[in-house]
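*Asks:* take this sequence and fold it.
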Amino acid sequence: HKKQPLSADKKSAENASKLVSSDDHKSSNNGDPGCNVPALTGDITPRNKAENLPRKISIAFGEPGTSDMKVVLLGKHGFSVKLNVHRRVLAENSSFFAEKLAGSKHGVPRLQMDDCEDVEIYVETVGLMYCKD
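*Replies:* Below you'll find the predicted structure:
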């Protein structure tokens, strides 16, 4: 099991994506079964046009319906991204998330990250944890 650095090639994060926006309900998936990594590209415009961004985005990792927790990322421009993830995957692949989860109650299925500088980096990093490469 090889861990990829945070600066991993963005193309690997764009190979397969599931992005569902509560504003436009669009979904895309390029069909690569080995790596189910959402990407925040596609319909999102450059950051200087924050008023055009969807306000809420929900992304599911792994098998839909099997996630046991949500990670909510609150961006600086007033939008939020909700990640449906698996506690075990985060804890096993990231000391950052392992510490955050150890500090929370075991029964709490939600972890909120306020004032995220770059939400896309969090999404790509979590997505890489689900890659089998």
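*Asks:* tell me where the model's unsure across this protein.
*Replies:* Along the chain, segments meeting pLDDT under 70 span 1-54, 64, 105-108, 133.
*Asks:* what about 80?
*Replies:* For the chain, the stretches with pLDDT under 80 are 1-57, 62-64, 77, 103-108, 132-133.
*Asks:* strands of that one, start to end?
*Replies:* Listed in chain order, the strands of the chain (DSSP state E) span 20-21, 56-60, 69-75, 80-85, 110-116.
*Asks:* so what's residue 97 closest to, chain neighbours aside?
*Replies:* Among residues not flanking residue 97 along the chain, residue 90 sits closest, at 3.9 Å (C-beta to C-beta, 6 or more residues apart in numbering). The C-beta positions use only the backbone N, C-alpha and C, and glycine is treated the same way.
*Asks:* neighbouring contacts of stretch 79-89?
*Replies:* By C-beta atoms under 8 Å, 6 or more residues apart in numbering, the residues outside stretch 79-89 that reach it are 40, 50, 53-62, 64, 66-75, 101, 119, 122-123, 126, 129-130.
*Asks:* could you list the alpha-carbon positions for that stretch in PDB?
*Replies:* Below are the C-alpha coordinates for stretch 79-89, written out as PDB (Å, rounded to 0.1, in the frame of the first residue of the first chain):
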ATOM      1  CA  PHE A  79     -19.600  27.500   0.800                       C
ATOM      2  CA  SER A  80     -19.400  24.100   2.400                       C
ATOM      3  CA  VAL A  81     -18.400  20.700   1.200                       C
ATOM      4  CA  LYS A  82     -19.800  17.600   2.900                       C
ATOM      5  CA  LEU A  83     -17.700  14.400   2.500                       C
ATOM      6  CA  ASN A  84     -19.400  11.100   3.200                       C
ATOM      7  CA  VAL A  85     -16.400   9.000   4.300                       C
ATOM      8  CA  HIS A  86     -15.300   6.000   6.400                       C
ATOM      9  CA  ARG A  87     -13.700   6.700   9.800                       C
ATOM     10  CA  ARG A  88     -11.400   3.700   9.400                       C
ATOM     11  CA  VAL A  89     -10.000   4.900   6.100                       C
END
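*Asks:* give me the buried positions along stretch 70-81.
*Replies:* 71, 72, 73, 75, 79, 80, 81 (16 or more other C-beta atoms under 10 Å).
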